[in-house]
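Undergrad: structure here, sequence nowhere to be found:
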């Protein structure tokens, strides 16, 4: 084992969940089989110029046909939990009305396979694959879509509620709103900028309605939401940059967490009123639905954001890989800021800064702003790197030495555990787990197959799976953790509010 893994294994509490995550659209394939209907993402990928290399998810990882073998790999890995999502158009092709029994059967088999191997299921209701008929009716700009997701939640609760340990209502409503309806770089491809704000509200309303539906359906497990969080700094000093930092922080972070955790949309500088006035027009009844108590809060962390003045090249999650046209620019959409680079930080293949030192900042900022924060799971964390398959020197079997990914995961997991340990900058957070994004290479949305995040390498031409070094590292970490379970410290304490000094001390120099 490397990178002080013995110490890392010993520092993981016995009741801390280490898991891996995927999403249905990114891995399943079989988009027109066994009654599955098309999604908005299916239509988007078949539009010329939308996805790098003209790729589609028609086959992806072919998980729909290879699920038993993939679960065997999960069992070999030894992770505590597997986070997956339900394909809404596979279960309810029209987004309303009849249920497709063959879709139900697939997830029945998946859950039974997981449970038979002692793997705890975490199930995401909605991971971006809106049934196409609902997309044609306005998608998330249409308030009715929120009620349709709640109906889908009721179906899921009835069919799977006895076997799922944790439910995520929606994954990253931020990304759906900003990329799909604001910038147009994700499905459905609308570049509406601030006219996308109703989509954000309807997604959060859908979360609240779905939470109610899951609980009314008598689920045996817990339920929460997953938001992505990125600490924000300015590229320059001065009022203008500070106002733009606040704008991005509201749009990317607070607009999605405040309604859920505080029951209101965030306050903002009056200078931002032309952009954010919609948030002042929300009825109290909606906020009450959106802010129901959560059993847990899911936080996705990949990197911090550095904001520059005016439009410019992006290095964030919306970054457009080489070879992909820029529909955002073609349609004339333009933001008053850009995501600036991070000098001195190594970068992933996607161009994202590798910044484990900002994960404690994210956790500390959450603890300070939300004193009643429920238990937290980091529901995604990972990195894309250029993986190369070569013969192993000893066995001559295919191998991938992704040492940078091993380093990334080790440092981020260690940062999360240290930050929430007694005396850490986010000691008030009850951190319950960390999920690696992702279990295997897959269809990476607008980047197609150009970005590999997986612990398992997938040859998309042959569907052959190759265990990367990161797979073996995590497997060894889990085995050592189980062997040494008697020597580890206690789980993180119950949460209290972190004070401002702790947050400030956690923040590195930008």
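TA: Done, it's in. Just so it is clear, the model here is predicted, and its values are computed rather than measured.
Undergrad: quick one: low-confidence parts of the stretch 51-200 of the chain?
TA: Low-confidence segments of the stretch 51-200 of the chain, defined by pLDDT under 70: none present.
Undergrad: which residues in it form strands?
TA: If DSSP state E, counting those that start in this stretch is used as the criterion, the strands of the stretch 51-200 of the chain fall at 81-85, 120-126, 166-171.
Undergrad: I'd like to know which elements the first one is packed against.
TA: Judged by 3 or more C-beta pairs under 8 Å, 6 or more residues apart in numbering; DSSP states H and E, strand 81-85 is in contact with strand 17-21, helix 24-27, strand 120-126, strand 166-171, strand 431-437. Using the backbone N, CA and C atoms, a C-beta is placed for each residue, glycine as well.
Undergrad: quick one: strands adjacent to that strand?
TA: With DSSP bridges as the test, strand 81-85 is paired with strand 17-21 (parallel), strand 120-126 (parallel).
Undergrad: identify the residues contacting residue 218.
TA: Each residue near residue 218 by C-beta atoms under 8 Å, 6 or more residues apart in numbering is listed here: 157, 161.
Undergrad: where does it fall, phi/psi-wise?
TA: When read as degrees, to the nearest 10, the backbone of residue 218 gives phi 70, psi 30.
Undergrad: just use 13 as the starting number from now, easier for me
TA: Renumbered: residue one is now 13, and that last one reads residue 230.
Undergrad: how much space separates it from residue 475?
TA: Between residue 230 and residue 475 the distance is 38 Å, computed by C-beta to C-beta, to the nearest Å.
Undergrad: what does residue 50 give?
TA: Plainly put, residue 50 is 23 Å away from residue 475 if you go by C-beta to C-beta.
Undergrad: what's the closest of the strands of the stretch 63-212 of the chain to residue 68?
TA: Among those, the nearest to residue 68 by C-beta to C-beta is strand 93-97 (18.4 Å).
Undergrad: stretch 388-404: how far from the chain's middle?
TA: 14 Å (C-alpha atoms, centre = their mean, to the nearest Å).
Undergrad: what does stretch 156-174 give?
TA: The answer for stretch 156-174 is 20 Å, by C-alpha atoms, centre = their mean.
Undergrad: cool, stretch 313-326 as well?
TA: Distance of stretch 313-326 from its chain centroid, counting by C-alpha atoms, centre = their mean, is 19 Å.
Undergrad: in it, what counts as buried?
TA: Within stretch 313-326, the residues that qualify as buried are 313-321, 326, counting by 16 or more other C-beta atoms under 10 Å.
Undergrad: what about that stretch, average pLDDT?
TA: Mean pLDDT, computed over stretch 313-326, is 85.
Undergrad: I'd like to know which elements the helix ranked longest in the chain is packed against.
TA: When the chain is parsed with DSSP state H, its longest helix is helix 209-228. Secondary structure elements in contact with helix 209-228, counted by 3+ C-beta pairs under 8 Å, 6+ apart, are strand 132-138, helix 156-172, strand 178-183, helix 185-187, strand 234-240, helix 267-273, helix 296-302.
Undergrad: now with 7 Å, please.
TA: Here helix 209-228 touches helix 156-172, strand 178-183, helix 185-187, strand 234-240, helix 267-273, helix 296-302, going by 3 or more C-beta pairs under 7 Å, 6 or more residues apart in numbering; DSSP states H and E.
Undergrad: pipe these into TSV and attach distance to residue 286 and mean neighbour count per row.
TA: Listed next are these as TSV, based on distance: least, C-beta to C-beta, whole Å; neighbours: other C-beta atoms under 10 Å:
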stretch	distance to residue 286	mean neighbour count
helix 156-172	26	21
strand 178-183	28	26
helix 185-187	21	23
strand 234-240	25	25
helix 267-273	16	24
helix 296-302	23	16
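Undergrad: which one, of those, ends up nearest to residue 493?
TA: Of all the helices and strands packed on helix 209-228, strand 178-183 sits nearest to residue 493, with 20.3 Å by C-beta to C-beta.
Undergrad: so how far is the closest one from its chain's centroid?
TA: Relative to the chain's own centre, strand 178-183 is displaced by 10 Å; criterion: C-alpha atoms, centre = their mean.
Undergrad: same thing with stretch 385-395?
TA: Its chain's average C-alpha position is 9 Å from that of stretch 385-395, according to C-alpha atoms, centre = their mean.
Undergrad: go through it and flag the buried ones.
TA: Neighbour counts over stretch 385-395 (16+ other C-beta under 10 Å) mark 385-395 as buried.
Undergrad: one step back: farthest pair in the buried residues of stretch 313-326?
TA: Greatest spatial distance in the buried residues of stretch 313-326: 313 and 321, 25.5 Å, computed using C-beta to C-beta.
Undergrad: for the helices and strands packed on helix 209-228, give me JSON lines that also has distance to residue 368.
TA: Output for the helices and strands packed on helix 209-228, formatted as JSON lines (distance: least, C-beta to C-beta, whole Å):
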{"stretch": "helix 156-172", "distance to residue 368": "34"}
{"stretch": "strand 178-183", "distance to residue 368": "22"}
{"stretch": "helix 185-187", "distance to residue 368": "21"}
{"stretch": "strand 234-240", "distance to residue 368": "16"}
{"stretch": "helix 267-273", "distance to residue 368": "21"}
{"stretch": "helix 296-302", "distance to residue 368": "32"}
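Undergrad: take the strands paired with strand 93-97 and write them to a markdown table, including distance to residue 447 and mean neighbour count.
TA: Below are the strands paired with strand 93-97 laid out as a markdown table (distance: least, C-beta to C-beta, whole Å; neighbours: other C-beta under 10 Å):
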| stretch | distance to residue 447 | mean neighbour count |
| --- | --- | --- |
| strand 29-33 | 4 | 24 |
| strand 132-138 | 7 | 24 |
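Undergrad: element containing residue 376, please.
TA: Using DSSP states H and E, residue 376 sits in helix 371-381.
Undergrad: look up how far residue 297 lies from residue 283.
TA: As judged by C-beta to C-beta, residue 283 and residue 297 stand 30 Å apart.
Undergrad: returning to what we had before: switch the strands of the stretch 63-212 of the chain over to CSV; also include distance to residue 220.
TA: Below are the strands of the stretch 63-212 of the chain laid out as CSV (distance: least, C-beta to C-beta, whole Å):
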stretch, distance to residue 220
strand 93-97, 19
strand 132-138, 13
strand 178-183, 8
